[in-house]
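Trainee: Here is the input, now give the coordinates:
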Amino acid sequence: MTQEQESGRLIITEEDVAPFVAEKQAAGLREHANQVTQQVSDTARQAWESETRRKMTGKVRDGVSAAANKSSQFVRDKVSEAAERQARETVTAVQNRIKETDWKEEARQGTVRGLQWLSQQLARLADRFTPAEKNGNR
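Mentor: Predicted coordinates for the structure are as follows:
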């Protein structure tokens, strides 16, 4: 601090006072900032604890739940519809295949295969019971 002494008087210049004023202003600003912070905190707490917030939160929760339920039901319905459609298409394809099949030809082919198999089995059986040939004699 610069102090000058003139004939028994103490003189304080603005430069000497300025730091004290700034410190006082800073302290005042800090106090004001703390008050504003406290007010904002109190307001936020009151808003959070308010009945309006509770009602709105409940409505939002109910709305989200309803939307989720509708979405789930929609998905279940679509999956069910797809499964039913696929089953109907399969039944239709089988019915068409049955109608288009020439059952006489299927029966004939099955009989032919069965008789060929029976013929092979009889040939094997005949080979087992046929006596072995002796030297030069038939």
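
Trainee: After the helix or strand hosting residue 78, which helix or strand is next?
Mentor: Assigning secondary structure by DSSP states H and E places residue 78 in helix 51-100. The helix or strand immediately downstream of helix 51-100 is helix 103-129, counting by DSSP H and E.

Trainee: chain center to that following helix: distance?
Mentor: Offset of helix 103-129 from its chain centre (Cα atoms, centre = their mean, to the nearest Å): 60 Å.

Trainee: Same check on stretch 26-36?
Mentor: Put simply, stretch 26-36 sits 49 Å off its chain's centre (Cα atoms, centre = their mean).

Trainee: One more: stretch 51-59?
Mentor: 28 Å.

Trainee: State the mean pLDDT of the strand or helix carrying residue 36.
Mentor: Element membership for residue 36 (DSSP H and E) is helix 14-48. Mean per-residue pLDDT for helix 14-48: 77.

Trainee: List phi and psi for residue 130.
Mentor: Torsion angles at residue 130 (phi, psi; degrees, to the nearest 10) stand at phi -70, psi 130.

Trainee: which residues of the chain score low on pLDDT?
Mentor: 1-8, 10, 12-24, 135-138 (pLDDT under 70).

Trainee: Okay, residue 32 and residue 43: tell me how far apart.
Mentor: Using Cβ to Cβ, to the nearest Å, residue 32 is found at 16 Å from residue 43. Yep, even glycine has a C-beta here, placed from its N, CA and C like the rest.

Trainee: same check, this time on residue 117
Mentor: Applying Cβ to Cβ, the value for residue 117 to residue 43 is 94 Å.

Trainee: can you check residue 11 too?
Mentor: Distance, residue 11 to residue 43, by Cβ to Cβ: 50 Å.

Trainee: coming back round to it: figure out how far the helix holding residue 78 is from the centre of its chain.
Mentor: On the basis of Cα atoms, centre = their mean, helix 51-100 sits 16 Å off its chain's mean C-alpha point.

Trainee: Now do that helix: which elements does it pack against?
Mentor: When contacts are defined as 3 or more Cβ pairs under 8 Å, 6 or more residues apart in numbering; DSSP states H and E, helix 51-100 packs onto no helix or strand at all.
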